[in-house]
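**Q** Please find the sequence and the predicted model below.
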Amino acid sequence: MSEPQVVTRFAPSPTGALHIGGARTALFNWLYARGRGGKFLLRIEDTDRSRSTDENRDAILAGLSWLGLDWDGAPISQAMGAARHAEVARQMLAEGSAYKCFATTEEIEAFREAAREAGGSTHFRSPWRDAAEADHPDVPFVIRLKAPRVGATTLVDEVQGAVTIGNDQLDDMVLLRSDGTPVYMLAVVVDDHDMGVTHVIRGDDHLTNAFRQAMIYRAMGWDLPVFAHVPLIFGPDGKKLSKRHGATGAAEYQKMGYPAAGMRNYLTRLGWSHGDAEYFSDAEARDWFDLGGIGKSPARFDIKKLENLCRLHIAASDDAALLHELEAFLEVTGAPALTQGQRDGLRDAMPHLKDRAKIFPELLEKAHFIMASRPIEPDEKAAKSLDDVSRGILAELTPQLQNASWDRDALEAVVTVLAEAHGLGLGKIAGPLRAALAGRTTSPSVFDMMLVLGRDETVARLTDAAA
RNA sequence: GGCCCGUUCGUCUAUCGGUUAGGACGUCAGGUUUUCAACCUGAAAAGAGGGGUUCGACUCCCCUACGGGCUGCCA
């Protein structure tokens, strides 16, 4: 008998873009399921019609796709399940675990007001909890859960451990509104159950909600899923991550040019650990990820560490895959598409470009010698190394390169010999060479550029610069 | 207010009663170098505070402080 299949889910509400915290929650669920041959489902919690938009929904899906988090099946719309949610509420009503409450919002407000002043619990105690059906008035009503009022409830959370609260902390929450629509707390439970979700991994802002939800599971006789409430991500100042910390949306990082693999690695490691492992592959992450490795305290978002991981991942990426991701980056930023010549050049130069960039714009900066075409316009800094003396040396070097064998050793020999003849270090000649070839002070090694550019283009650029 | 959760270098973290409290990012100092980098070597840097329990606590318990969450006919 094998273990039952693991089913996790990510359930964002489409009231905004995919937040970095949400992205990590999705990642944890994805990692957990994928590492165990399970399923990772997506459910859009769009029951708040006034704040939910299709644009947000699409943006969230796009963000997940960017991060490489693929989900099984079609995304489920929570709003579409309203009838089923109501059905469950009615079943609870029939079975006596819920009741009709005819209290008006004014009455409830007044109750809370009084409770606050008295310093007691503000949980509404409905007078209708045990009312006989014969006494029910013919007015709109909500369906409330009949919560236990004595005793205590303990929930075992995979991250937080065993958590116990007194049942007097639980109130007779509304299940179905007076207009017949289900409330979030009901919808989540019904959907998770119907979708066969075995592990609920989500933000710890839902920890106390889990107790409310557990009441519904129990009333329906359903098995509780495994809960894992993950601490939220904070900004560098230790406050909840928000707009004033800068970018908070996953898509914003994509637009800034962070590679998805680096982001995945960073987000996985943020709040979760596997011994001293810091830098790891997706396969390792899937193998290692477990609920026990999740930390109990909120982690702060550290852009420097993200960048470091991104640099390592770019350097380790397969050239073709990297070029592919670079093109996708160009597309989301609205940059013009690559010409065939540029694509070929980038492909050839990729080994020399990728080991020095944290984000794509940096890689592109180093790739300027490919992106630009003759005549190469040196920028201000590069122009400084193209003085008359330098031009003279370049003019002298050009015919020698023209006749050199076109491999790294030969090229290096030619330049070194010339440098020595002028009593200069290689560095003194590399400056002007770089300026002539790339028009920038930042680029790959001059020899690597020559090899990628080829003899004709190299000679042409040097001739341009020497003129 | 009530209830719940959390607190190890600046940051992410290891440690699951006995360690000179380890690693990584960042920082600083040297080295190397055809630019920017990268790379190499080294350094500074931590158990919130107070009580217990124990031969021995970062680790277990209690209190305090601080941070966070929940307390809706929002999700």
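**A** In hand now; what should we look at? Numbers count the residues shown, from 1 in each chain, chains lettered A, B, ... in the order given.

**Q** residues from the stretch 301-450 of chain A in reach of RNA strand B?
**A** A:302, A:304-305, A:307-308, A:311, A:355-356, A:366, A:412, A:425-427, A:430-431, A:434, A:441-447 (C-beta under 7 Å from any atom of the strand). For the C-beta atoms, the positions are set from N, CA and C on the backbone; glycine is no exception.

**Q** filter the residues you listed to the buried ones?
**A** Buried subset of these (neighbour count, 16 or more other C-beta atoms under 10 Å): A:307-308, A:311, A:356, A:366, A:412, A:430-431, A:434, A:441, A:443-444, A:446-447.

**Q** Of these, which is the nearest to A:Y258?
**A** Ranked by distance to A:Y258 (C-beta to C-beta), these are led by A:E307 at 8.0 Å.

**Q** In this structure the closest one contacts A:K358, no?
**A** Yes: contact between A:E307 and A:K358 holds when scored by C-beta atoms under 8 Å: they sit 4.4 Å apart.

**Q** circling back to that earlier point, sort out for me which of the residues of the stretch 301-450 of chain A next to RNA strand B are in helices.
**A** Using DSSP state H, A:304-305, A:307-308, A:311, A:366, A:412, A:426-427, A:430-431, A:434, A:446-447 are the members of those that sit in helices.

**Q** For RNA strand B, see how far away the residue of chain A most remote from its centre is.
**A** Largest separation from the mean C-alpha position in chain A: A:A421, at 55.3 Å (C-alpha atoms, centre = their mean). Per C-beta to the nearest atom of the strand, to the nearest Å, A:A421 is found 16 Å from RNA strand B.

**Q** What secondary structure category should be reported for A:F124?
**A** State at A:F124, reduced to three classes by DSSP: H, G, I helix; E, B strand; the rest coil: coil.

**Q** Could you check the pLDDT of it?
**A** As predicted, A:F124 sits at a pLDDT of 91.

**Q** Backbone torsions only: list them for it.
**A** When quoted as degrees, to the nearest 10, the phi and psi of A:F124 stand at phi -70, psi 130.

**Q** got a list of what it touches?
**A** Residues near A:F124 by C-beta atoms under 8 Å, 6 or more residues apart in numbering: A:103, A:108, A:111-112, A:171-172.

**Q** cool, A:D204 as well?
**A** Residues near A:D204 by C-beta under 8 Å, 6+ apart: A:159-160, A:229-232.

**Q** how about the residues of the stretch 1-150 of chain A that lie near RNA strand B?
**A** With the criterion set to C-beta under 7 Å from any atom of the strand, the stretch 1-150 of chain A comes near RNA strand B through A:13, A:15, A:45-48, A:51, A:78, A:103-105, A:108, A:112, A:119, A:121-124, A:140, A:142.

**Q** Strands - which of those residues land there?
**A** Residues of these located in strands (DSSP state E): A:V142.

**Q** Buried only: go through the residues of the stretch 1-150 of chain A next to RNA strand B for me.
**A** The neighbour-count criterion (16+ other C-beta under 10 Å) marks A:13, A:45-47, A:78, A:103, A:123-124, A:142 among those as buried.

**Q** Do a quick rundown of the strands in chain A.
**A** Under the criterion DSSP E, chain A contains strands at A:7-10, A:39-44, A:76-77, A:98-101, A:142-145, A:152-157, A:161-166, A:174-176, A:199-203, A:226-230, A:233-234, A:299-300.

**Q** can you put those strands in JSON lines and add distance to A:P259 and mean pLDDT?
**A** Converted to JSON lines, the strands of chain A look like this (distance: least, C-beta to C-beta, whole Å; pLDDT from 0 to 100):
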{"stretch": "strand A:7-10", "distance to A:P259": "22", "mean pLDDT": "97"}
{"stretch": "strand A:39-44", "distance to A:P259": "22", "mean pLDDT": "97"}
{"stretch": "strand A:76-77", "distance to A:P259": "30", "mean pLDDT": "95"}
{"stretch": "strand A:98-101", "distance to A:P259": "50", "mean pLDDT": "96"}
{"stretch": "strand A:142-145", "distance to A:P259": "47", "mean pLDDT": "96"}
{"stretch": "strand A:152-157", "distance to A:P259": "33", "mean pLDDT": "92"}
{"stretch": "strand A:161-166", "distance to A:P259": "36", "mean pLDDT": "92"}
{"stretch": "strand A:174-176", "distance to A:P259": "45", "mean pLDDT": "96"}
{"stretch": "strand A:199-203", "distance to A:P259": "25", "mean pLDDT": "96"}
{"stretch": "strand A:226-230", "distance to A:P259": "24", "mean pLDDT": "96"}
{"stretch": "strand A:233-234", "distance to A:P259": "20", "mean pLDDT": "91"}
{"stretch": "strand A:299-300", "distance to A:P259": "21", "mean pLDDT": "94"}
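
**Q** Tabulate those strands in JSON lines, adding columns for distance to A:K381.
**A** Shown next, in JSON lines, are the strands of chain A (distance: least, C-beta to C-beta, whole Å):
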{"stretch": "strand A:7-10", "distance to A:K381": "47"}
{"stretch": "strand A:39-44", "distance to A:K381": "48"}
{"stretch": "strand A:76-77", "distance to A:K381": "54"}
{"stretch": "strand A:98-101", "distance to A:K381": "73"}
{"stretch": "strand A:142-145", "distance to A:K381": "69"}
{"stretch": "strand A:152-157", "distance to A:K381": "56"}
{"stretch": "strand A:161-166", "distance to A:K381": "57"}
{"stretch": "strand A:174-176", "distance to A:K381": "66"}
{"stretch": "strand A:199-203", "distance to A:K381": "47"}
{"stretch": "strand A:226-230", "distance to A:K381": "46"}
{"stretch": "strand A:233-234", "distance to A:K381": "38"}
{"stretch": "strand A:299-300", "distance to A:K381": "36"}
